[in-house]
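> kindly return the folded structure for what I paste below:
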Amino acid sequence: MKLRPGTLLVLGLFIMMGMSSCVHDYICQCKISYSGQPGLPEDKVNKYNVSDTKKKAKSACQDLSKTYEKDGVKATETCDLY
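Presented below is the predicted three-dimensional model:
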């Protein structure tokens with residue numbers, strides 16, 4: 001069975017698309033808020049670039065969420081994909 005050049009081109013494109021991963025660039029946005037005493041800094045937002053699949057990027061981003069407490073001051077960092 002002979003394949004025409006156009007068929008080979010289409011077949012090659014499908015193979016290339018199948019081999020490419022679904023890795024994209026995402027932005028992880030982390031909001032830091034403070035509580036516990038008067039005169040604390042205002043909320044702060046940090047942004048980080050994450051390059052991965054959406055599921056892995058979301059998981060890695062949310063893993064950055066933490067709560068810290070020291071000397072009556074509580075800092076809560078909440079992270080999610082933006």
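> which phi and psi does the closest residue in space to Ser35 that isn't next to it in sequence have?
Distances taken as C-beta to C-beta, 6 or more residues apart in numbering place Lys74 nearest to Ser35, at 5.0 Å, with adjacent residues excluded. No exception for glycine: its C-beta is placed from N, CA and C like everyone else's. Per-residue torsions, Lys74: phi -110, psi 130 (degrees, to the nearest 10).
> quick one: contacts for Lys74?
34-36, 67-68 (C-beta atoms under 8 Å, 6 or more residues apart in numbering).
> looking at neighbours, which among these is most surrounded?
Comparing the contacts of Lys74 by number of neighbours (other C-beta atoms under 10 Å), Tyr34 comes first, having 16 neighbours.
> residues contacting the residue nearest the centre of the chain?
Geometric centre of the chain, nearest residue: Ala57, 3.6 Å, by C-alpha atoms, centre = their mean. By C-beta under 8 Å, 6+ apart, the residues touching Ala57 are 24, 26, 28, 50-51, 81.
> give me the low-pLDDT residue ranges for this protein?
Low-confidence segments of the chain (pLDDT under 70): 1-5, 8, 11-21.
> the helices in the chain, which residues?
Ranges of helices in the chain, per DSSP state H, are 5-19, 54-62.
> Cys37 and Ala75 touch, don't they?
Actually, residue 37 is Gln rather than Cys. No. Between Gln37 and Ala75 no contact is recorded; they are 11.5 Å apart, counting by C-beta atoms under 8 Å.
> of these two, who's got more company?
Neighbour comparison, Gln37 and Ala75: the larger count goes to Ala75, with 17 against 10 (by other C-beta under 10 Å).
> burial measure for Cys61, as a count.
21.
> quick one: contacts for it?
Here Cys61 is in contact with 26, 28, 30, 48, 50, 79-81 (C-beta under 8 Å, 6+ apart).
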